[in-house]
Each structure stands twice: as structure tokens, then as C-alpha cells.
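Asks: sequence and predicted structure below; questions after.
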Amino acid sequence: MKDKIILTGDRPTGRLHIGHYVGSLKGRVELQNAMDYQDMFVFIADAQALTDNFDNPEKVRQNIIEVALDYLSVGLDPSKITIFIQSMIPELTELAFYYMNLVTVARLQRNPTVKTEIAMRGFSNEDQQAVFGSGLPVGFFTYPISQAADITAFKATTVPAGEDQKPMIEQTVEIVRKFNSIYGETLVEPEILLPANNACHRLPGIDGKAKMSKSLGNCIYLSESADTLAKKVMSMYTDPQHISINDPGHLEGNTVFTYLDAFCRQEHFGMFLPEYPNLDELKAHYQRGGLGDVKIKKFLGKILEQELAPIRERRKEFEKDIPEVYNMLRKGSEKAREVAAKTMDDVRKSMKINYFEDKQLIAEQAEKYRQQQ
Ligand code: ATP
Ligand code: MG
């Protein structure tokens with residue numbers, strides 16, 4: 001039985017990068033094409049992006065189309081799935097408001113992703129001082145609650161995402177359990193679907209920092225030109241102790257090898273580096289010494305170029321008809337709204353705030369006042 005409901009989203013804070021690709025997008029396309037689901041939703045999280053970009057609506061607005069084009073260029077197909085814009089579904093904000101009653105401030109403060117994101121944006125990055133200098137906006141602090149609303153509004157069972165999303169899904173599950181225990185069985189518990197390959201859970205940035213992230217400016221974008229792609233690969237962080245070719249090299253924290261773990265397939269050796277039989281041998285040589293960074297970077301560059309070239313080409317095609325992309329988003333948003341509205345009806349009923357549909361309430365009140373007359 002096809003009972004899976006799949007949902008994921010991305011913030012329109014920039015074009016999508018290869019971290020998104022291996023962490024989530026690639027898996028989404030595979031899921032989409034396997035057709036083993038009841039419904040699949042992919043959305044552009046503009047309302048969430050505004051929680052830490054509220055003073056820059058233009059940035060969010062401009063990036064809606066960028067993310068949509070990236071979706072289409074990796075092969076997400078609006079004839080099979082629903083692609084929509086978060087803020088076009090007011091039910092999502094409505095749901096989040098009620099979920100706020102079910103979460104304590106202390107619980108939100110313990111959310112590890114919120115902790116890192118606050119540190120990353122608010123207090124360690126001087127550029128952001130103007131935004132967060134006077135304190136943390138409530139909207140940003142509570143975004144895990146809004147994310148719970150996004151997931152549960154569609155009764156999603158499966159959320160394909162990177163590792164940074166684990167605490168979000170855990171928090172959503174807690175909200176679902178609390179809601180169902182207080183108001184009765186209404187919401188569905190989601191599960192995160194991490195990529196099978198460990199190296200894809202949290203792809204580091206080209207600077208070797210923990211996570212490739214639009215906000216950290218350490219990305220290789222999916223739409224990168226061949227030229228920039230090659231330059232970025234050449235500038236990648238490797239092993240600072242590997243100074244001359246003959247020095248033994250380290251793999252730990254070596255971004256080039258992490259990317260090879262994420263992207264390299266056996267056939268790439270035959271195509272681009274026939275003198276090595278496989279990745280293990282390449283790694284062993286690097287560790288022994290005698291293998292230079294330029295050689296492995298060139299190899300990685302060819303692999304990435306082969307993966308990204310068709311994406312870049314497809315993007316160019318979709319860029320030819322921008323109004324049609326907006327049209328697709330409008331249609332998707334209409335469909336998504338219908339689904340979310342049904343969940344909101346269930347929620348209103350469970351929470352007993354469906355006054356006008358509650359015939360029994362009206363009858364009881366009428367009876368009470370009749371007796372008093
Ligand atoms: P921002 O810096 O604005 O938060 P981001 O680059 O972190 O942007 P998101 O829109 O927050 O991107 O993430 C969208 C999805 O991509 C999530 O499912 C997230 O887990 C996944 N993802 C983002 N970055 C990576 C990464 N470096 N490795 C693996 N998955 C990632
Ligand atoms: Mg993020």
C-alpha cells in the first residue's frame with residue numbers, strides 16, 4: 001500500500017548547493033521517481049527564511065525563483081509532486097500558533113540546531129549584529145515549532161533531510177505526541193530519512209567548516225559555471241600538514257576526500273583516473289605520501305563537473321520561461337492549501353474551536369439558556 005507522505009523544504013536564502021543535493025535533493029528525486037508514495041510535497045520556506053532575514057525581504061523574494069529553478073533542474077517534477085511556497089498557506093502559521101502552547105522555552109533552548117544557528121548567526125558573526133544585536137527575535141527562536149506545523153499540516157510520514165534536521169524532527173514528534181494525548185489522535189508522527197551514504201549527512205563547506213551553508217558563503221552551487229566550479233575545487237581545504245607531495249597526508253577533516261566519499265563512484269576511476277583501481281587505494285597512497293593535492297582536486301573537479309553539467313543545462317531550459325515557473329508554484333500552492341486546510345479542520349475539531357460546525361455545542365447552549373428563561 002502506498003501510504004507514505006513525503007515532505008521537505010528549503011529556505012530561499014540563496015541558490016541551492018551540493019550539500020543540499022547529496023543531503024536531500026538527490027534522495028527526493030529518487031523517491032519521486034520510485035512513485036511509492038501517496039503524496040509528495042516540496043516547499044520553499046520563505047516564512048522561515050524571514051525569521052532571520054526579516055529586514056531583508058528583497059533577498060527572500062529574489063531567491064524564491066532561484067530555489068524553484070534549482071528544484072526543476074535536479075529533476076523534481078511538478079507533474080508528479082506538489083511544489084509550493086510556504087507563506088501562501090496561512091494554515092501553517094495558524095497551526096504553529098497553537099503548537100506554541102505545547103512547547104516550553106527551556107525545550108527550545110535545548111534544541112541543538114537552534115543553539116548552533118543562534119551562535120552562527122547571532123553572536124559570533126559581526127555582520128549579523130545589526131539584526132540580532134539587540135537580542136534574539138522570538139520568531140527565529142520558535143522556528144522549530146513552525147517547522148512542526150509545516151510537516152504535520154500535510155500529515156507527512158517521511159522527511160528526507162540532512163542530519164541538521166534531526167533535532168527538528170524529534171521536536172515535531174514530541175509536539176505530535178503531546179497534541180494527540182491532550183486533544184485526541186489527530187496528527188501523524190514523521191520520520192527523518194537520512195541519505196544512505198554517511199558522508200552526505202552533513203557535507204562540509206569548501207573551507208572545511210562543519211557544514212556547507214548558504215549563510216556561511218562556503219558553497220559550491222548547483223548552478224555554478226564550469227569555470228567557477230573548477231576554481232572552487234582548487235581552493236578547497238585539504239590537510240594543512242601535507243605541505244610537500246611526499247609528506248604523509250591525513251584524510252580526517254580533509255574536505256576533498258569527504259567530497260570524494262560523497263560523490264565518487266567506481267566507474268569514475270576508469271573514466272578519469274585509471275592509474276588507481278578504487279578510492280581505498282587512492283586514500284592509501286595519500287596517507288603514505290607521494291600523492292599531491294592538485295591531482296586529487298582535479299579528479300574531484302571532473303566528477304563534480306560530470307554530475308553538475310546536466311543540471312546546469314536543464315536550468316538554462318527552465319530559465320527561458322520564468323512566468324511558467326511562477327505559474328507552477330501558484331498551482332502547487334493552491335493544491336497544498338487544500339490539503340493543509342483539511343488538517344486544520346481536524347485540528348479545530350480536536351481542539352474544540354470549530355464553533356460554527358459544532359452543532360452539539362450550539363444545541364447545548366441553546367438548551368441551557370432555554371431552561372434559564
Ligand atoms: P541557510 O544557511 O539559509 O540555513 P542552508 O544551506 O543551511 O541555508 P537549508 O535551506 O537550511 O540550507 O537546508 C535545506 C535542506 O538541505 C535541509 O534538509 C538540510 O538538512 C539540507 N542540507 C543543508 N545543508 C546541508 C549540508 N551541508 N549537507 C547535507 N545536507 C544539507
Ligand atoms: Mg539551514
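Replies: Ah, there it is. Ligands and ions are numbered 1, 2, ... in the order given.
Asks: which residues in this structure form strands?
Replies: Using DSSP state E, the strands of the chain run over residues 5-10, 39-44, 82-85, 158-160, 191-193.
Asks: which parts of the last one are buried?
Replies: Along strand 191-193, the positions that meet the burial threshold by neighbour count (16 or more other C-beta atoms under 10 Å) are Ile192, Leu193. Where C-beta positions appear, they are placed from N, C-alpha and C, glycine not excepted.
Asks: coming back round to it: of all the strands of the chain, which one is nearest ligand 1?
Replies: Closest approach to ligand 1 among these is made by strand 5-10 (4.0 Å; C-beta to the nearest ligand atom).
Asks: how about residues contacting that closest one?
Replies: 16, 20, 24, 28, 31, 37-45, 48, 67, 86, 150-151, 154-161, 188, 190 (C-beta atoms under 8 Å, 6 or more residues apart in numbering).
Asks: got the angle between that strand and strand 39-44?
Replies: Comparing the axes of strand 5-10 and strand 39-44 via axes from the mean of the first three to the mean of the last three C-alpha atoms, to 10 degrees yields an angle of 10 degrees.
Asks: and for the residue of the chain found nearest ligand 1, nearest residue in space, chain neighbours not counted?
Replies: At 2.0 Å from ligand 1, Gly23 is the closest residue in the chain, using C-beta to the nearest ligand atom. Spatial nearest neighbour of Gly23, chain neighbours left out: Gly162 (3.4 Å); criterion: C-beta to C-beta, 6 or more residues apart in numbering.
Asks: pLDDT averaged over stretch 321-328 - what is it?
Replies: Across stretch 321-328, pLDDT averages out at 98.
Asks: same thing with stretch 58-78?
Replies: The pLDDT scores in stretch 58-78 average 98.
Asks: could I get the buried residue list for that stretch?
Replies: 60, 63-76, 78.
Asks: check stretch 182-189 too.
Replies: Buried, per 16+ other C-beta under 10 Å, within stretch 182-189: Tyr183, Thr186, Leu187, Glu189.
Asks: with distance to ligand 1 added, can I get those residues in CSV?
Replies: Formatted as CSV, the buried residues of stretch 182-189 follow (distance: C-beta to the nearest ligand atom, whole Å):
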residue, distance to ligand 1
Tyr183, 29
Thr186, 26
Leu187, 21
Glu189, 18
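Asks: before we move on, back to that, contacting residues around the residue of the chain closest to ligand 1?
Replies: Counting by C-beta under 8 Å, 6+ apart, Gly23 touches Ala161, Gly162, Glu163, Pro195, Cys200, His201, Arg202, Leu203.
Asks: quick one on the thing from earlier: mean pLDDT and distance to Arg107 added to the strands of the chain, as a markdown table?
Replies: Converted to a markdown table, those look like this (pLDDT from 0 to 100; distance: least, C-beta to C-beta, whole Å):
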| stretch | mean pLDDT | distance to Arg107 |
| --- | --- | --- |
| strand 5-10 | 96 | 22 |
| strand 39-44 | 97 | 25 |
| strand 82-85 | 98 | 29 |
| strand 158-160 | 94 | 20 |
| strand 191-193 | 95 | 18 |
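Asks: and the nearest residue to Pro277 once chain neighbours are set aside, how far from Gly27?
Replies: Excluding its sequence neighbours, the residue lying closest to Pro277 (C-beta to C-beta, 6+ apart) is Phe269, at 6.5 Å. From Phe269 across to Gly27, the span is 25 Å (C-beta to C-beta, to the nearest Å).
Asks: when those two are compared, which one has more neighbours?
Replies: Gly27 (21 against 18; other C-beta atoms under 10 Å).
Asks: pLDDT at that one, what is it?
Replies: Listed pLDDT for Gly27 reads 92.
Asks: could you verify my assumption that it touches His201?
Replies: No. At 11.3 Å, Gly27 and His201 do not qualify as touching, with contact defined as C-beta atoms under 8 Å.
Asks: find residues that contact each of the two.
Replies: Listed as contacting both Gly27 and His201 by C-beta under 8 Å, 6+ apart are Pro195.
Asks: would stretch 163-174 count as contacting ligand 1?
Replies: Yes. Residues of stretch 163-174 are located near ligand 1 by C-beta under 6 Å from any ligand atom, namely Asp164, Gln165.
Asks: what is the mean pLDDT for that stretch?
Replies: 94.
Asks: output that stretch in CSV with nothing but the alpha carbons.
Replies: Provided in CSV are the C-alpha atoms of stretch 163-174 (Å, rounded to 0.1, in the frame of the first residue of the first chain):
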residue,chain,number,x,y,z
GLU,A,163,21.5,15.5,9.7
ASP,A,164,21.0,19.1,11.0
GLN,A,165,17.3,18.4,10.7
LYS,A,166,17.3,15.5,13.2
PRO,A,167,16.5,17.7,16.3
MET,A,168,13.7,19.3,14.3
ILE,A,169,12.0,16.1,13.6
GLU,A,170,12.4,15.0,17.2
GLN,A,171,10.8,18.2,18.3
THR,A,172,8.0,17.6,15.8
VAL,A,173,7.4,14.1,17.2
GLU,A,174,7.1,15.5,20.7
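Asks: so which bits of this protein are right by ligand 1?
Replies: Going by C-beta under 6 Å from any ligand atom, the residues of the chain near ligand 1 are 8, 10-11, 13, 19-20, 23-24, 161-162, 164-165, 202-203, 211-215.
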